[in-house]
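Chemist: How does the following fold in three dimensions:
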Amino acid sequence: MLRYRRTALISLAVALALTACGRFTVIPPPDGEPVVLKPAELATTWTDAEGGTLTLKHDGMFIADKVCVAVDWYDSLTWSGTGTWDQGSNKKQSFVAVSFDAAHPVGFDAAHPKTFEREPDSYAALRQGKVLKLWVAVGDPDNDYPNCVLTSPAS
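Modeler: Here you go, the predicted model:
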């Protein structure tokens, strides 16, 4: 009986530990070092792994064509459209926020899609050698979410 209880307690402890690890693990950013970029360095066309593009213009406007975005916990979202962009930064890294002119429907029920606001999560800037990156984590963090990564050659 004691052996059974000890085995059950060990099994419970292992299960709780594995569950906790999955909940507290943060998926790392893509390769690269945080970087502060000037608006002129950001004002270019950024491309994601699927060929989607985000063209940030010098006047604060943008054009997106099937570019990956992070909204809520949904993954595999791509949005197209126009809008405005803004840059923020701390001492180590720039951030780019985009606001689309129109809200976008998403969801699993095509007959009753949920409409999201016009502002997905902000992208953070990285530099890896001669490549600049804007990235944001997408999806559910408990399900090993991927990163949305946009790239552009460094000037």
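Chemist: residues contacting residue 148?
Modeler: Residue 148 makes contact with 48, 68-70, 123, 135-138, according to C-beta atoms under 8 Å, 6 or more residues apart in numbering. Quick note: C-beta positions are derived from backbone N, CA and C, even for glycine.
Chemist: Any figure for the gap between residue 69 and residue 119?
Modeler: To residue 119, residue 69 is 10 Å away according to C-beta to C-beta, to the nearest Å.
Chemist: next SSE after the helix or strand where residue 85 lies?
Modeler: Residue 85 belongs to strand 78-89 when elements are defined using DSSP states H and E. Next in sequence after strand 78-89, counting helices and strands by DSSP H and E, comes strand 94-100.
Chemist: Outside of that next one itself, list whatever touches it.
Modeler: The list of residues contacting strand 94-100 from outside it, by C-beta under 8 Å, 6+ apart, reads 35-37, 42, 54, 56, 62, 64, 69, 79, 81-89, 118-120, 122-125, 134.
Chemist: number of nearby residues for residue 140?
Modeler: Other residues near residue 140 come to 11 when the count uses other C-beta atoms under 10 Å.
Chemist: I'd say it and residue 76 touch.
Modeler: No - using C-beta atoms under 8 Å, residue 140 is not in contact with residue 76; the gap is 11.8 Å.
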